[in-house]
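Visitor: no sequence on this one, just coordinates:
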């Protein structure tokens, strides 16, 4: 069957296989019970609804009326014993869980675990077997058996919201446990097959003889080339050594290709992980560079400011050096002006003295007068020097600002 097929198609395929591997059909096969249990579990797992896909509604316990509804008879698919009898001790709302496909239950007689799709359902009027699916639980249907046209629904027992939620959680836990167990078994089987190098040939032959294998394990002929019941006759007559060796070569080539593909996939995954790691490193490096750029710009600005300050100080020093000669020149000019003023003052006195009788000045008086003149000129010279220095400083500051 294909994924997404209807429940009717899946059930027909299940019934066909169950007729082949039913324990009553294989009395000499010791693992018939386990095989039938695996078939029922696989059918229920692949067709039942996803556990916990939608939360229960507040009014789920009283969601609809039970008018025209019956508690239909549900039988174990292996021993055909009715399920859900009072002697089993199960509460009545377990019928709701069974018919909705929420969880599987075990038969009290043969201990087979089965769900509503694998179970056998009987019409409440004609007691004939009819096809059932969980989507029919809230509908009224007919059994479809010849002569029976009465419509009927399926009884919905009262259950508290807490009880239904607990049952759903239990079903979800059982489903997850079964999934983990199945995955562990498949993993152990795959590892054992890899260690052995090839699967068990006898087991493959038995499976092909019962119609469960897709191809002959000896020559590779497909199952669709045979009619029902011809597989065993083919195995008895399949003795072509060349076909056997060619099939083994093909299987070995297929295994080598699969192994090579697995290695290539592993290498690709490692390379992708390495490239991803390098890309992450590059992104971190770019981020560090971006963080470092503002710091470098700030350091450069600070260095430029220091250079400007040093150059300004150097220019100020040069300005002070040029100011000293200017101050000396100003001092000489002021001294010349003072001398000219003194001479202008002394000229009238000399003219008046020229009218008087001339007396030669003594050498001591001349020296004293010169000393007095020098003492008067000293403070003026110092003031001139200070003025020149202040002017030079102001000029240096203006140049530094420019």
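Guide: Noted; the coordinates are in hand. From a predicted model like this one, the values you see are computed outputs, not experimental measurements.

Visitor: would you list every one of the strands in the stretch 1-150 of the chain?
Guide: For the stretch 1-150 of the chain, applying DSSP state E, counting those that start in this stretch gives strands covering 69-70, 73-75, 105-106, 113-114, 120-122, 129-130.

Visitor: just checking, what packs against the first one?
Guide: Applying 3 or more CB pairs under 8 Å, 6 or more residues apart in numbering; DSSP states H and E, one finds that strand 69-70 makes contact with strand 153-154. Heads up, the C-betas are built off the backbone N, CA and C, glycines and all.

Visitor: so what strands line up beside the strand it packs on?
Guide: Paired with strand 153-154 in the same sheet, following DSSP bridges, are strand 69-70 (parallel).

Visitor: Quick one: mean pLDDT over the partner strand.
Guide: pLDDT averaged over strand 69-70 equals 94, rounded to a whole number.

Visitor: and what of stretch 383-401?
Guide: Looking at stretch 383-401 alone, the average pLDDT works out to 75.

Visitor: All further residue positions should be reported with the first residue as 216.
Guide: With 216 as the first residue, the last one maps to stretch 598-616.

Visitor: Now do the buried residues in that stretch.
Guide: For stretch 598-616, a neighbour-count test (16 or more other CB atoms under 10 Å) marks 599, 603, 607, 610-611, 615 as buried.

Visitor: Kindly report the same for stretch 517-528.
Guide: Within stretch 517-528, the residues scored as buried using 16+ other CB under 10 Å are residue 527.

Visitor: Mind listing residues that contact it?
Guide: residue 615 (CB atoms under 8 Å, 6 or more residues apart in numbering).

Visitor: Give me the mean pLDDT for it.
Guide: For stretch 517-528, the per-residue pLDDT values average out at 75.

Visitor: Then stretch 466-474?
Guide: Mean per-residue pLDDT for stretch 466-474: 85.

Visitor: Over to stretch 364-379?
Guide: For stretch 364-379, the mean per-residue pLDDT is 90.

Visitor: Need the winner for burial among the strands of the stretch 216-365 of the chain.
Guide: Of all these, strand 328-329 has the most neighbours on average by mean count of other CB atoms under 10 Å, namely a mean of 21.

Visitor: Strand partners (parallel or antiparallel) of that one?
Guide: According to DSSP bridges, strand 328-329 has the following sheet partners: strand 320-321 (antiparallel).

Visitor: hmm, who's touching the strand it pairs with?
Guide: Contacts of strand 320-321 with the rest of the structure, by CB under 8 Å, 6+ apart, involve 298-299, 305, 309, 313, 327-330.

Visitor: what do you get for stretch 338-351?
Guide: Residues outside stretch 338-351 that contact it (CB under 8 Å, 6+ apart): 222-223, 226, 263-264, 285-288, 314-316, 331-332, 334-337, 356, 358-360, 362-363, 365, 367, 369.

Visitor: From those, list the buried ones, please.
Guide: 222, 226, 263, 287-288, 314-316, 331-332, 334-337, 356, 358, 367, 369.
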